[in-house]
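Colleague: need coordinates for the following:
(one chain, ligands or ions: 1)
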Amino acid sequence: MVARQGSHWNMSTSAPASGPSPAVMGTYGRINVVFDRGEGSWLIAKGGERYLDFGSGIAVNTLGHAHPRLVAALTEQAGKVWHTSNLYRIDGQERLAENLVANTFADKVFFCNSGAEACEGAIKLARRYHFAKGNPERNRVITFEGCFHGRTLATIAAAGNPKHLEGFGPEMPGFDHVATLDVEAARAAVGPETAAIMIEPIQGEGGIRNVPVEVLQGLRALCDEHGILLIIDEVQTGVGRTGKLFAHEWAGITPDVMPIAKGIGGGFPLGAILATEDAAQGMVPGTHGSTFGGNPLAVAVGAEVLDAVLEDGFMDGVQAKSLRLRQELARLQDEHPDMIEDIRGSGLLLGVKLKAPLGDVVNACFDEKLLTVVAGDNVMRLIPPLNVTDEELVDAVNRIGAAFTKLKSA
Ligand SMILES: *Cc1c(COP(=O)(O)O)cnc(C)c1O
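Modeller: As a prediction, this is how the structure comes out:
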């Protein structure tokens, strides 16, 4: 069963002699390779082998590795001040929040450190919203089959994936799981205690499953009808990944609340909850906090990532590269119809639904020095840096082709 393994694939066939240290808790099935350096779309292993990185640390390295702009932003800030806590104003936080507000639906931003924290904070915000409006009984959140929102106690309960819940004690209450990704199923789950509907615009871990724009539009209308908050989890899809700043823009709707993380830090841990002023009305002093959230180093890098993504032509470039990658993958599918079922996703968050076993293909790609990421539903994720070159796109697809050929001749 390969679903839900995230990126944590083991069994590489080109493993160094010694394995991972037993001192590190064994929660991941890691590939036995250590990367020493990165340059753009490439990671260089300790032995000097160069790997083409089409995983981007799971949609994190928006601008690739060691981008000079990000290195400069980080080192400049590192020479000034690293950390102050949120007891004081943080200049970079204010600037990044203002830039996010200027370019999205949001009026307010809360900074945290990861996707799970952003999702958990979004759930807290939704409950607090109804509390502030005098309806504390409205505290349940509707989520969808196949979703993923992180690994905290609340977010594993939100997703309801039995593999993630097993052995972790009582499941946190407050979530209603809908069995299909559609509006009527969500409507049937709405009750007097519903606070929010939470959805990923494309299910990432679940297998790059696109949510049709009509579903997002229908959920927006359903939320408006019932005074429910719409939480769109853009932790994986955000910050230019789909060729728009945020994926919900393709549907022409806006959420009330949006957790983000992964891509915004470009590799530095950074997350945020974006919300409208109305949705954030309950988040008054003392209601939520984080020691590290939006620390000066993190926001210095985040501000630079956002500026780069917002530059003229950047998003057009992502869309053009997406088209190119899809064309190359279509060619590959023509050559190997026995290996590929279909191509899914949007922008540079693409999924190759395989007919062959996912683990075998990911390992064979690794042997061709191409890094990819597993997802549910037997889908191999291709998530290159957004500044990947056309040559690298072609190179990656040729490596997948070589991996297929070797698998078939084995
Ligand atoms: C990765 C992910 C998360 C969790 O992010 P972490 O930083 O790993 O906690 C939440 N939601 C979505 C959609 C994700 O892809």
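Colleague: show me the strands in the stretch 151-300 of the chain, by range?
Modeller: 175-178, 194-199, 202-203, 209-210, 229-232, 257-260, 271-275 (DSSP state E, counting those that start in this stretch).
Colleague: just put the ones you listed in JSON lines and tack on distance to the ligand.
Modeller: Glycine gets a C-beta too; all of them are placed from N, C-alpha and C. Formatted as JSON lines, these follow (distance: least, CB to the nearest ligand atom, whole Å):
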{"stretch": "strand 175-178", "distance to the ligand": "15"}
{"stretch": "strand 194-199", "distance to the ligand": "10"}
{"stretch": "strand 202-203", "distance to the ligand": "8"}
{"stretch": "strand 209-210", "distance to the ligand": "12"}
{"stretch": "strand 229-232", "distance to the ligand": "10"}
{"stretch": "strand 257-260", "distance to the ligand": "7"}
{"stretch": "strand 271-275", "distance to the ligand": "6"}
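Colleague: which one, of those, ends up nearest to Gly92?
Modeller: strand 271-275 (12.8 Å; CB to CB).
Colleague: and the longest helix for this protein?
Modeller: Across the chain, the longest stretch assigned as helix under DSSP state H is helix 314-335.
Colleague: just checking, next helix/strand downstream of it?
Modeller: Counting by DSSP states H and E, the next helix or strand C-terminal to helix 314-335 is strand 340-346.
Colleague: pull out the buried residues from that next one.
Modeller: Buried residues in strand 340-346, defined by neighbour count with 16 or more other CB atoms under 10 Å: 340, 343-346.
Colleague: just the buried residues of the longest helix of the chain, please?
Modeller: In helix 314-335, counting by 16+ other CB under 10 Å, buried: 314-315, 317-319, 321-322, 325, 328-329, 332.
Colleague: then stretch 36-56?
Modeller: Result for stretch 36-56 [16+ other CB under 10 Å]: buried residues 38, 40-43, 45, 51-56.
Colleague: pick out the most distant pair among the residues you listed.
Modeller: By the measure CB to CB, these have their two most distant members at Ala45 and Ser56, which lie 16.7 Å apart.
Colleague: state which one residue of this protein is found closest to the ligand.
Modeller: As assessed by CB to the nearest ligand atom, the ligand sits closest to Gly115 within the chain, at 2.1 Å.
Colleague: pull the contacting residues for that residue.
Modeller: 149-150, 233, 235-236, 259-262, 271 (CB atoms under 8 Å, 6 or more residues apart in numbering).
Colleague: show the pLDDT at it.
Modeller: On pLDDT, Gly115 comes in at 98.
Colleague: name the SS class of the residue nearest to Asn295 when sequence neighbours are not counted, please.
Modeller: Closest residue to Asn295 apart from its sequence neighbours, by CB to CB, 6 or more residues apart in numbering: His83 at 5.0 Å. Three-state assignment for His83 (DSSP: H, G, I helix; E, B strand; the rest coil): coil.
Colleague: sorry, back to before: farthest-apart pair in the buried residues of helix 314-335, please.
Modeller: So, those by CB to CB: farthest apart are Phe314 and Leu332, at 26.7 Å.
Colleague: near the ligand, which residues of the stretch 1-150 of the chain are found?
Modeller: 114-116, 119, 148-150 (CB under 6 Å from any ligand atom).
Colleague: any idea which of the residues you listed is closest to Leu358?
Modeller: Phe148 (16.6 Å).
Colleague: how many residues are close by the residue nearest to the closest one when sequence neighbours are not counted?
Modeller: Nearest residue to Phe148, sequence neighbours excluded (CB to CB, 6+ apart): Glu205, at 3.8 Å. The tally of other residues near Glu205 (other CB atoms under 10 Å) stands at 28.
Colleague: separation between Glu205 and Leu386?
Modeller: 20 Å (CB to CB, to the nearest Å).
Colleague: kindly report the same for Leu181.
Modeller: 26 Å.
Colleague: so if I had to pick from those two, which one is more boxed in?
Modeller: Using other CB under 10 Å, the more surrounded residue of Leu181 and Leu386 is Leu386, with 28 against 21.
Colleague: helix, strand or coil for the more buried one?
Modeller: Following three-state DSSP, we place Leu386 in the coil state.
Colleague: I'd assumed Ala320 was in contact with it.
Modeller: No. In this structure, Leu386 is not within contact of Ala320 by CB atoms under 8 Å, at 11.5 Å.
Colleague: the ligand contacts on the stretch 251-400 of the chain?
Modeller: So far as CB under 6 Å from any ligand atom goes, the stretch 251-400 of the chain lies against the ligand at 261-262.
Colleague: closest to Met25 among the buried residues of stretch 36-56?
Modeller: When the buried residues of stretch 36-56 are compared for distance to Met25 (CB to CB), Gly55 comes out closest, at 22.0 Å.
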